[in-house]
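K.L.:
Could you work out the structure for the sequence below:
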Amino acid sequence: MANRGRPNKNGVKEAWTILRRVLVLRAYDRARARGEKRSAAITDAVSAVRSRLPKMRISETEVKRILAFEARNGERAWTIFPRIVRGPELDLWFDNLKWIAEVSPLKLGVPHLPNYSVKPRQLGIFNIQVGPGRRYPRHNAKS
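P.N.:
Alright, predicted model coming up:
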């Protein structure tokens, strides 16, 4: 007889959850930087993910889970920096992606890369840094 309940994954997450986490944190940070309240920023994060990737599962509860992963006291948090890659660094990115897709014995689940007859001039990437968390103090807090 099989074990009851969900199978144990031992903390392993699927790779697409990292992309969802990056999109949520980026959208939430941008909304809070505009001065939105927490609930409005959560709603903005859900709509940003749904508009960018309509088939990806997301809800306000999942956004709250992603935000709860960061420490309450702000010791550790993911900081997302979008940037544009050009020139020789772009060639390095494409060489690495091609190597991962062709040579990887682990089959890491890298989607097939488009066959570029001409490579794009730039590539948008996200840098992820782990460091102290952001603080969003209340506007009416005691100083």
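
K.L.:
Show me the domain layout of the protein.
P.N.:
Listed by automatic domain parsing, the domain ranges of the chain are 16-69, 81-137.

K.L.:
which one of these has the most crowded surroundings?
P.N.:
Each of these was given a mean neighbour count from mean count of other CB atoms under 10 Å, and the largest, a mean of 16, is that of domain 16-69. All C-beta spots, glycine's among them, are computed from the backbone N, C-alpha and C.

K.L.:
before we move on, back to that, looking at the domains of the chain, spot the one closest to Arg4.
P.N.:
Closest to Arg4 of those is domain 16-69 (CB to CB; 24.0 Å).

K.L.:
The closest one spans what distance, first to last residue?
P.N.:
The first residue of domain 16-69 is 17 Å away from its last residue (CA to CA, to the nearest Å).

K.L.:
what is the mean pLDDT for it?
P.N.:
Average pLDDT, domain 16-69: 91.

K.L.:
Please identify which of the domains of the chain is closest to Asn3.
P.N.:
Among the domains of the chain, the nearest to Asn3 by CB to CB is domain 16-69 (24.0 Å).

K.L.:
so where do the helices sit in the protein?
P.N.:
Listed in chain order, the helices found in the chain under DSSP state H are 16-33, 38-52, 60-68, 88-103.

K.L.:
for the record, mean pLDDT for the last one?
P.N.:
For helix 88-103, mean pLDDT is 78.

K.L.:
what about dumping the CA coordinates of it to CSV?
P.N.:
Provided in CSV are the C-alpha atoms of helix 88-103 (Å, rounded to 0.1, in the frame of the first residue of the first chain):
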residue,chain,number,x,y,z
PRO,A,88,31.8,40.5,-25.5
GLU,A,89,29.9,39.7,-22.3
LEU,A,90,26.9,38.9,-24.5
ASP,A,91,29.0,36.4,-26.5
LEU,A,92,30.0,34.7,-23.3
TRP,A,93,26.4,34.4,-22.2
PHE,A,94,25.4,32.7,-25.4
ASP,A,95,28.4,30.4,-25.4
ASN,A,96,27.5,29.3,-21.8
LEU,A,97,23.9,28.7,-22.7
LYS,A,98,24.8,26.7,-25.7
TRP,A,99,27.2,24.6,-23.7
ILE,A,100,24.6,23.9,-21.0
ALA,A,101,22.0,22.9,-23.6
GLU,A,102,24.3,20.6,-25.6
VAL,A,103,26.8,19.2,-23.1
